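J.: Provide a 3D model corresponding to the input given below.
(chains A and B)
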2 protein chains.
Amino acid sequence: MPDGNENENGEMVSPKHADDIFEEFKEHSVAEFFTKNKQMLGFSGKLRSLTTVIHEYVTNSLDACEEAGILPDLTVKITELPEEHMLVKVSDNGPGIPKSHIGRALGQMLSGTKFHRYMQQRGQQGIGATGCTMFAQLTSGKPIHVRSSTGNGMIYECNVSVNVKTNAPLISDVTEYEGDFRGLEVTAEFADVKYDRSEYSPLEYLKRTAIANPHAEIYFVDPAGKKVRFPRVSQMLPDRPHEVQPHPLGVEPHVLYEMMRISPARKVGSFLTSELARVTPSKVDELKVVMPDFDFDQPPQNITWNDARRLVNAFKKIKWVAPSADGLRSIGNEQIDVALRSLLKPEYLSVRSRPPKVYSGGVPFIVEAAIAYGGSAGKHTESGISTEIMRFANRSPLLFDAGGCAVAKAVRAVDWKRYEIRDFDNAPITVFVNFVSAFVPYTGAGKQSISSEPEVFDEIKFAVMDVARDVQRYLSGKVREERKEAKRKAIMRYIHQLAVDLPLLANTGTSEELEKKLTAVVFTRFKAEEAEENEEHKTREIMIEESESEAGETAENKIEFDEEDM
Amino acid sequence: MPDGNENENGEMVSPKHADDIFEEFKEHSVAEFFTKNKQMLGFSGKLRSLTTVIHEYVTNSLDACEEAGILPDLTVKITELPEEHMLVKVSDNGPGIPKSHIGRALGQMLSGTKFHRYMQQRGQQGIGATGCTMFAQLTSGKPIHVRSSTGNGMIYECNVSVNVKTNAPLISDVTEYEGDFRGLEVTAEFADVKYDRSEYSPLEYLKRTAIANPHAEIYFVDPAGKKVRFPRVSQMLPDRPHEVQPHPLGVEPHVLYEMMRISPARKVGSFLTSELARVTPSKVDELKVVMPDFDFDQPPQNITWNDARRLVNAFKKIKWVAPSADGLRSIGNEQIDVALRSLLKPEYLSVRSRPPKVYSGGVPFIVEAAIAYGGSAGKHTESGISTEIMRFANRSPLLFDAGGCAVAKAVRAVDWKRYEIRDFDNAPITVFVNFVSAFVPYTGAGKQSISSEPEVFDEIKFAVMDVARDVQRYLSGKVREERKEAKRKAIMRYIHQLAVDLPLLANTGTSEELEKKLTAVVFTRFKAEEAEENEEHKTREIMIEESESEAGETAENKIEFDEEDM
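T.: Predicted coordinates:
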């Protein structure tokens, strides 16, 4: 072992002892950790930080309303303050937070009701709203202000901040008074944020939230004072989220181990039938055949991790009924339809909520897809229209990190030319995809992009192809109609001219009479052509590539001819 | 307020009261949080998870060796176990961990020595190694095994795991015995990982680590038993990291506030001069002019967040000496040169460690860039050679999330055609960039990509352009030489033929004599051309676009002529 080494300045350096190095060893709070790593919570970049704040508050409001069974009314207001500070106020008509829980709900990280439950909700971790409180105090130095009532006639107001060193909530300036209000209103001041109207903005976030939550009424006031209302277009309340039991093919050893450790069941066998989905006593018998040396009568609390792993492996060796999709709460065809129609007023819209599928063996999910064509669909900018891909996970818009997302990849993997979309990037279309699951396989830390698990990728692609086929049918019908119409118009003008000229030349007959006859001839011919075309239609759909470019040319020629003639 | 709403099944749903919802409110440990959000720690995807494990252990070993002043010897071994499990063993000759600290260092999140210090190290958060312990127990159900000695003749071995519910370390199977060893050896078993030899693999990670740490000896055994040694190519130990004081233009209000709250100083004035960089008593006088109503004699502990913010704003109104780059430990030209040469054996190499710059007003950073051309530079695959961009932050390789990284963006923003690299994506080059700073502005949560702050982006681009210019000079010299050589060869063959034919035709003289004379004529002409060419050289470098395509054609013609003549 060398006693010393030369450093960059040529000096001898003698090794420092471990005891000296570890002298400074300390423990830190999770709030302190996220103060240093606020990018992990979505606070990176001024615009993204502001959109993250809106996301956290809106998500919490929608979740709370859903859980309470209330049609949500949200108001989001962003005000510009001096020195580039922004004041964000979000209020809802939800259940409110009981005063004894306000500190922990908004001023303590990793506190919450949702952490443990195996169910589909937007937020899951009891960290978002407290993250906003922390970000407010980090950037503006101010606590957030809260107004809450559970609808009991008393309104509670206070300031909340986080003691970063201890992750304890700090509550101050408490007032309580009578009043008729139910819900939560949070006001927070931030610096290091900025507002714009880009595709990453709070406005876009709220627009997409409105699309995926047609049962919500959202009212937004931007820093310029501009008011935008996203009206409730459906009175239908989504089902309340409920916990679902994990399916044997979707449970990881550590989850199973943890479940068994705290289970009230007295035997492994009864634990399995009562706490996992699709496990019947006869399935337990099948498992006994696969694991003859394993004691299914022992208490589940005695199980080791290795036993849990052996069980998970055994699960894979027998056949199961697919997991139920009961716990999955999709938006539904009708709701997506009404939402997209009301917002995009498209020329054509196709929506498809597909049947549940399973990824990773046992995690059920649903993909809902839609394509809106024309109208306000697509991104409309000064330089023209381009395609818009709207990604959602459990109705929450995903605005960032599109690059690695299975949705963006699957949409791009579609051979759009086959669906009459020649220039996909610049088409007047909005592609909508909502991924529904109690376990969204997020890629990376930002929770803004979905991992390309093979089943997930394929299902998204198939769903988009489904609606793309409808669009193709619409567009090729449209092209056909346009072509026919152009042809018809051209011939009719020609007929009209002929009907005027011929009687003059021939010095006999009337132009009216001739026009009528010629028209009849042309219409008969047209009918025949149409019948023929319909016959060809199937072939055309498959060989769309060649036939379409020809058709396009013909149609264009006709239109030119039209104009010369006018 | 409605008393109820209809749900999807048409049933009336009465609102649930907040008290019922918050009944389930619980607190959770940070370990539990990261169990559910392991992707935040880099555990997403089987390959990335394995590379993350190697990254965490190697980073800790290198940091520990640097702090202790020891030239690091690392051994990394990955073994495949049944059922797709992998055993990872990383050992070093570092200072070891004292036995009283092993549990906290490897089995408790947010424990560590480095969290608070304002200095440049690879790891910073006391979370990486414990994250690996957690990931091991989540996937394989096994604790990690540790062997450690501080070099005192006693070796300590134990198993370590994390109690996820409480974030407390669990130590078991302790043995202690005499032996001659100093360092740390960690053995951990994982499932849900995979090994390959791609650009995201542990092998690539170690290769790049070797390049950025020429003072380290790294020995790697892959699951197939293949051994790779990255030898130490420099005996020079990097300087020990040391804490640096924040510069007034680089300090955020919340950091200043926190520093003042715990400062031993008795007056704000003396706090500023003693705990911030570049603050002299005369600078404090200047601040007093900017903030006439502020009491610089009050105790810093009395300060409010708002005072801290006012101070930070005042800092921006006076002129400061730029922050010192003393705390920045770059790799250095020589070290990068020796490392890249030994590994890539390039035909040409240019390295540039640029002078320190500042971003965001007061955070100093250094960019080091290199381009290796030819030899083993570039990515060599079955389908050919393509360009390789190696990104580093403080000597740590960044393998993932290249898309949004300032390094990748800046490298691509270079107009490579101007530097004789016509097809950048398929050039036999490796572009090396190391970003050095106590505060790397990471984008997103993964800490694998650097944010495109304007100063950062520009400086990276300039650094790469610097070395690209050298490459251009080399390549255009090479093209010129090749062209000249081709021309010379062609003429010489022509001369030879002429020298044989002419005497025959003329029936006088000898071919030898004639060849000598012709050669002399040609060489005189060549010298003149060369002089002329050198004159033109500067112009050519600027107008490289046009002149080069012509030159390319000419050279090619000559070579064709050559072959016809042979």
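J.: please, where are all the helices along the stretch 251-400 of chain A?
T.: A:253-261, A:268-275, A:281-290, A:305-315, A:333-344 (DSSP state H, counting those that start in this stretch).
J.: got a markdown table for those helices, with mean pLDDT too?
T.: A markdown table is the format used below for those (pLDDT from 0 to 100):
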| stretch | mean pLDDT |
| --- | --- |
| helix A:253-261 | 85 |
| helix A:268-275 | 94 |
| helix A:281-290 | 95 |
| helix A:305-315 | 88 |
| helix A:333-344 | 93 |
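J.: format these as JSON lines; extra columns: mean neighbour count and distance to chain B.
T.: Where C-beta positions appear, they are placed from N, C-alpha and C, glycine not excepted. Converted to JSON lines, those look like this (neighbours: other C-beta atoms under 10 Å in any protein chain shown; distance: least, C-beta to the nearest C-beta, whole Å):
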{"stretch": "helix A:253-261", "mean neighbour count": "20", "distance to chain B": "5"}
{"stretch": "helix A:268-275", "mean neighbour count": "19", "distance to chain B": "17"}
{"stretch": "helix A:281-290", "mean neighbour count": "14", "distance to chain B": "15"}
{"stretch": "helix A:305-315", "mean neighbour count": "19", "distance to chain B": "3"}
{"stretch": "helix A:333-344", "mean neighbour count": "20", "distance to chain B": "9"}
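J.: quick one: closest of these to B:F365.
T.: With C-beta to C-beta as the criterion, B:F365 lies closest to helix A:253-261 of those, at 40.7 Å.
J.: name the residues that touch that closest one?
T.: Residues from elsewhere that reach helix A:253-261, judged by C-beta atoms under 8 Å, 6 or more residues apart in numbering or on different chains: A:246, A:251, A:268, A:271, A:275, A:300-301, A:303-305, A:308-309, A:311-312, B:35, B:137-139, B:141.
J.: for the helices of the stretch 251-400 of chain A, which one sits closest to A:E157?
T.: Comparing the helices of the stretch 251-400 of chain A against A:E157 with C-beta to C-beta, the closest turns out to be helix A:333-344 (34.7 Å).
J.: remind me what the one helix or strand A:E185 maps to packs against, helices and strands.
T.: For A:E185, the host element (DSSP states H and E) is strand A:182-190. Helices and strands touching strand A:182-190, by 3 or more C-beta pairs under 8 Å, 6 or more residues apart in numbering or on different chains; DSSP states H and E, are helix A:46-68, strand A:85-92, helix A:128-139, strand A:144-150.
J.: make it 6 Å
T.: strand A:85-92, helix A:128-139, strand A:144-150 (3 or more C-beta pairs under 6 Å, 6 or more residues apart in numbering or on different chains; DSSP states H and E).
J.: could the ones you listed go into TSV alongside mean neighbour count, mean pLDDT and distance to chain B?
T.: Shown next, in TSV, are the helices and strands packed on strand A:182-190 (neighbours: other C-beta atoms under 10 Å in any protein chain shown; pLDDT from 0 to 100; distance: least, C-beta to the nearest C-beta, whole Å):
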stretch	mean neighbour count	mean pLDDT	distance to chain B
strand A:85-92	21	97	10
helix A:128-139	26	92	5
strand A:144-150	23	96	4
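J.: nearest approach to B:G103 belongs to which of those?
T.: Evaluated over the helices and strands packed on strand A:182-190, closeness to B:G103 peaks at helix A:128-139, with 28.4 Å, by C-beta to C-beta.
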